[in-house]
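Peer 1: A predicted structure for the sequence below; I have some questions about it.
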Amino acid sequence: MDVRFTEVGYTYASGVEAVKGVTLEIPSGQRLAIVGQNGAGKTTLVRHLNGIFQPTTGTVEIGDWVTKGHTIAELSARVGYVFQNPDEQLFARRVIDDVAFGPKNLGFDQERADAAVAAALEATGLSGEAETHPHHLSLSERKRVALAAVLAMETPVVVLDEPTTGQDERGVRMIAAIVAQLHSEGRTVIAITHDMDFCAENFERVVAMAQGEVQADDTPSVVFALPDVLEKSRVEAPQLARLADALGWAERPLTIGSFVDALPAHRA
Ligand SMILES: Nc1ncnc2c1ncn2[C@@H]1O[C@H](COP(=O)(O)OP(=O)(O)OP(=O)(O)O)[C@@H](O)[C@H]1O
């Protein structure tokens, strides 16, 4: 399902203008990463997608719905939103109840709900924790419970706010596999991330933000080669690009695959 921000502005009651005139058209099935320094307006922007925020100016559309005409409950059938902090999202005494809440609420029949919950627990590596109290899990596991709770809702749009923060290598790989799976199912994935390696490996489009505005909007190869944008958004290029730079290479591979491909040309 496609998503459209048109000239979106958002000003907090405090007077902080957190988002200024953002226009983005995100086609169905795209994987889009939003990057930028703390306070750039990333979270404020994506919170418009599930109706938590309504734009002060402009419009936000999810498929054929303008968010202003729909409740948060209605929007939750189209947009699954995984909070940066799982403790803002989880409330049940057992992992399985947190994950089953969304499908039940959306009116899935029992068979579909059970299958969706089992698949979400499996994808997040939590099948063995179904009966556990979320508070007995680590923060990184609770983040995966929050992710599972959204996956189980099978929404056409999935928003991930800092999905890899606090995850170990295995957790990051699990999340990358989930992004790939969502993509293969034609679902739209929008993620905020500070992890540029994760961004370069898993997303075909990067929006860099600073001070509430879009500074660049292109493929990772283009955005990570714009020094002014990186500086203004306080973003560093992925590690492999910095390694290539340090080695004196002209090209800037962003992923392990492209680095390996470039290697033979540099063997003396
Ligand atoms: N509840 C709020 N009330 C007033 N101002 C806020 C509120 N939440 C955020 N802001 C301000 O809005 C601006 C954008 O913040 P936002 O959290 O959207 O940025 P961000 O890019 O998501 O940052 P981070 O990477 O830290 O999550 C900042 O100046 C922030 O201080």
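Peer 2: On my side now, so go ahead.

Peer 1: Quick check: chain neighbours aside, which residue is closest to A40?
Peer 2: Once flanking residues are discounted, A40 sits nearest to M209: 4.2 Å by Cβ to Cβ, 6 or more residues apart in numbering. Yep, even glycine has a C-beta here, placed from its N, CA and C like the rest.

Peer 1: which SS class is the residue nearest the centre of the chain?
Peer 2: Centroid-nearest residue in the chain: A191, 1.7 Å away (criterion: Cα atoms, centre = their mean). Look at A191: counting by DSSP: H, G, I helix; E, B strand; the rest coil, its state is strand.

Peer 1: And it, what's its pLDDT?
Peer 2: Predicted confidence (pLDDT) at A191: the value is 98.

Peer 1: any idea how far it lies from the ligand?
Peer 2: Noted for A191: a distance of 12 Å to the ligand, by Cβ to the nearest ligand atom, to the nearest Å.

Peer 1: what sits against that residue?
Peer 2: Contacts for A191 (Cβ atoms under 8 Å, 6 or more residues apart in numbering) come out as 31-34, 159-161, 163, 179, 199, 203.

Peer 1: pLDDT for those residues - can I get that in JSON lines?
Peer 2: Below are those laid out as JSON lines (pLDDT from 0 to 100):
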{"residue": "R31", "pLDDT": "98"}
{"residue": "L32", "pLDDT": "98"}
{"residue": "A33", "pLDDT": "98"}
{"residue": "I34", "pLDDT": "98"}
{"residue": "V159", "pLDDT": "97"}
{"residue": "L160", "pLDDT": "97"}
{"residue": "D161", "pLDDT": "96"}
{"residue": "P163", "pLDDT": "94"}
{"residue": "V179", "pLDDT": "96"}
{"residue": "C199", "pLDDT": "95"}
{"residue": "F203", "pLDDT": "97"}
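
Peer 1: Of the residues you listed, which belong to strands?
Peer 2: In this view, the contacts of A191 that belong to strands under DSSP state E are 31-34, 159-161.

Peer 1: hey, what's the residue nearest to the centre of the chain bridged with?
Peer 2: A33, L160 (DSSP bridges).
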